[in-house]
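Engineer: When you get a sec, could you give me coordinates for this:
(2 chains)
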Amino acid sequence: MTDRDTIATLVKETLVREAKLPMPATELADTLSFNGDVSVNSLGFIRAVIALEDELEIETSDEALMQARFNTVGELVDFFVAAVAGREAAE
Amino acid sequence: MTGEKRILLPASEMPTHWYNILADLDFDLPPDLPPPGRSDSGTGFTLQVPMELVRQSLSKKRWIEIPAPVREAYLAWRPTPFIRATGLEKALDTPARIYFKYEGDNTSGSHKLNTAIAQAYYYHRSGVKRLVTATGAGQWGTAVAVGCNMFGLGCRVYMVGSSYRAKPYRRTIMGLYGAEVISSPDPRTASGRRFLAEHPEGHGNIALAIAEALDETVERDDTRFCIGSGEPYSILHQTVFGLEARRQMEIAGHYPDIVIGSLGAGSNFGGMTIPFLADNFAGKRAVRCVSVEPTACPKLTRGEYRYDFTDSSGVTPMEKMYTLGHDFATPDIHAGGLRYHATSKLVSALYDRGLVEAVAYPQSHIFESGAAFLRHEGILPAPESAHAVHGAIMEAIAAREAGEARTILFCLSGHGYFDLAAYQSHLDGNITDVTITDAEIAAALARVPVAEPAE
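Structural biologist: Alright, predicted model coming up:
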């Protein structure tokens, strides 16, 4: 089973790379808010989701993704932790 | 050659997959860019477009399966007729063979339904409860109203004010399908108030109507915006009719020398020509693909290939496309669906590489040809579609002058029975042409921020 820390590291590294954030992934704390602490545009966000789908070998549910609102980095990590758990449960 | 006037396909020959041209291009489309100096994450992130549509816009898979519920819906009117315009050929005394694919024979009256139903399906599957959109001439708004009704979604349509007033029966049909229709500009939206403060007598255009529709998605969690024409997934969905036409052309025993489509944001032109471009790419053919745009909105023939916003608000992601500038004041022509300030990044990239051609004509010529088409073929084209009719007539005349039996194919993308006020103006001699100066275009382009990818 993939642990949360591993997924969190991957999510943060991908977000920094795809959204071109000016800080290293190690400084991207779960508590940081998308409403002021971290400046991400929607295109960078979509690129990060697509890259994470590839790297984690998952296909996110359109419904789960469309209905979610991500306020913090931690909420985004939690979303992918749940998606990976769903894939592993199905295997 | 069959010599038949109308070539119909059985339901079993309706395409099961859309054709994705991105698989066969030897270049990538330029990436979209965020608007300069702006982050979108003021209130956290919600996704605006279903990931399946995002994937379709980026995919390199050549064939993308049409979902079963969408195929089932298509069968209500597809496959559509393919007709030889023998009456027009005779009237023009041309050796050219003129064929047209007719996409107006459905409840919305245009090709727009092909993607509206697909988009409504994907939004519904994503749990979205309500769609908001913008429409120029009313064809896209009607198509979205049909799609929303089919999948149980609420629907609001911002309709460009001049069309709203000129086409009351478009509003009626949208209303019958359960949609609420708002005249744009509307003082209740932030974009509408901003526009009206600057232009108290302004008529607005499709770029403003899009901005007003987008305002709503910021305010309501249950609502998403869907777009009619410019995105690659929208053009992908429209390949269903180009693929049918290619098969019907084969049955007719000819292959087109020239394929023609009218050009707004690009889905009609792309849907018609892209399956034939695939044959060009494969080295099998050398068909000319010709887009026809109004001289009053000449994005390909006089615009600039650069990054610009996709609506008038200046806050959307920027796309690299042929544009006249996102706040270009498009003259109030009757072909409202062709008044968009730019054309899609896909069609723009094809044009930039010389893979497709572009011509522009004034609306007085367009209405002459639209009326002639009615007299000789018995179908009244929408003013947008009459651009393709006129392009075909000009090519047929050129074939006559060259003494060559060229084969011409065009898409009659919609009927004009909601456009009778415009045709009455034609009968009354009141259709006027507008001249756009280079200075007007340059001034609008000067207001577009300069943007290029960092790498």
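
Engineer: Let me know the pLDDT of the residue lying closest to B:Pro317 once chain neighbours are set aside.
Structural biologist: Spatial nearest neighbour of B:Pro317, excluding adjacent residues (CB to CB, 6 or more residues apart in numbering or on different chains): B:Asp32 at 4.5 Å. Heads up, the C-betas are built off the backbone N, CA and C, glycines and all. The score at B:Asp32 is 87. That number is its pLDDT.

Engineer: before we move on, what about B:Gly270?
Structural biologist: At B:Gly270, the model reports a pLDDT of 98.

Engineer: That one and chain A: what is the separation?
Structural biologist: 22 Å (CB to the nearest CB, to the nearest Å).

Engineer: Check B:Gly161 too.
Structural biologist: Separation of B:Gly161 from chain A (CB to the nearest CB): 29 Å.

Engineer: same thing with B:Ile21?
Structural biologist: 20 Å.

Engineer: Roughly how far does that residue sit from A:Arg47?
Structural biologist: Using CB to CB, to the nearest Å, one gets 22 Å for the distance from B:Ile21 to A:Arg47.

Engineer: pretty sure the residue nearest to B:Pro317 contacts A:Asn41?
Structural biologist: No: applying CB atoms under 8 Å, one finds B:Asp32 not in contact with A:Asn41, separated by 9.8 Å.

Engineer: Spit out the residues that contact the two alike.
Structural biologist: B:Pro317 (CB atoms under 8 Å, 6 or more residues apart in numbering or on different chains).

Engineer: Now for the closest residue to B:Gly325 other than its chain neighbours, which secondary structure element holds it?
Structural biologist: Computed as CB to CB, 6+ apart, the closest residue to B:Gly325 that is not its neighbour in sequence is B:Ala444, at 3.0 Å. B:Ala444 belongs to helix B:438-446 when assigned by DSSP states H and E.

Engineer: hmm, back to that, tell me who's in contact with the residue nearest to B:Pro317.
Structural biologist: By CB under 8 Å, 6+ apart, the contact set of B:Asp32 is A:Leu43, B:Pro317, B:Met318, B:Glu319, B:Lys345.

Engineer: Could you rerun that using 10 Å?
Structural biologist: A:41-43, A:46-47, B:57, B:307, B:310, B:316-320, B:345, B:453 (CB atoms under 10 Å, 6 or more residues apart in numbering or on different chains).

Engineer: Which single one of those is nearest to B:Phe45?
Structural biologist: A:Ser42 (7.2 Å; CB to CB).

Engineer: returning to that earlier point: for ChimeraX, write a command that selects the buried ones of the contacts of B:Asp32.
Structural biologist: Applied in ChimeraX, the following selects the buried portion of these according to 16 or more other CB atoms under 10 Å in any protein chain shown:
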select /A:41,42,43,46,47 /B:57,307,310,316,317,318,319,320,345
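
Engineer: Mark which of the contacts of B:Asp32 are part of strands, please.
Structural biologist: B:Tyr307, B:Met318, B:Glu319, B:Lys320 (DSSP state E).

Engineer: And the third one, how far from B:Cys297?
Structural biologist: Computed with CB to CB, the distance linking B:Glu319 and B:Cys297 is 17 Å.

Engineer: just the second one next, same as before
Structural biologist: Distance of B:Met318 to B:Cys297, given as CB to CB: 20 Å.

Engineer: Check the first one too.
Structural biologist: Note on B:Tyr307: its distance to B:Cys297, by CB to CB, is 19 Å.

Engineer: longest helix anywhere in chain A?
Structural biologist: helix A:73-90 (DSSP state H).

Engineer: That helix and chain B, are they touching?
Structural biologist: Yes: contact of helix A:73-90 with chain B (CB under 10 Å from any CB of the partner chain) involves A:Glu75, A:Leu76.

Engineer: any idea of the mean pLDDT for that helix?
Structural biologist: 91.

Engineer: Return the distance of it from the chain's centre.
Structural biologist: Its chain's C-alpha centre and that of helix A:73-90 lie 9 Å apart, by CA atoms, centre = their mean, to the nearest Å.

Engineer: for it, which positions count as buried?
Structural biologist: In helix A:73-90, the ones that count as buried by 16+ other CB under 10 Å are A:Val73, A:Gly74, A:Glu75, A:Leu76, A:Val77, A:Asp78, A:Phe79, A:Phe80, A:Val81, A:Ala83, A:Val84.

Engineer: Please apply the same query to stretch B:163-177.
Structural biologist: B:Ser163, B:Tyr164, B:Ala166, B:Lys167, B:Arg170, B:Arg171, B:Ile173, B:Met174, B:Tyr177.

Engineer: Quick check: the second one vs B:Glu250, distance?
Structural biologist: Between B:Tyr164 and B:Glu250 the computed distance is 42 Å (CB to CB).

Engineer: One more: B:Trp18?
Structural biologist: B:Trp18 is 19 Å from B:Glu250, by CB to CB.
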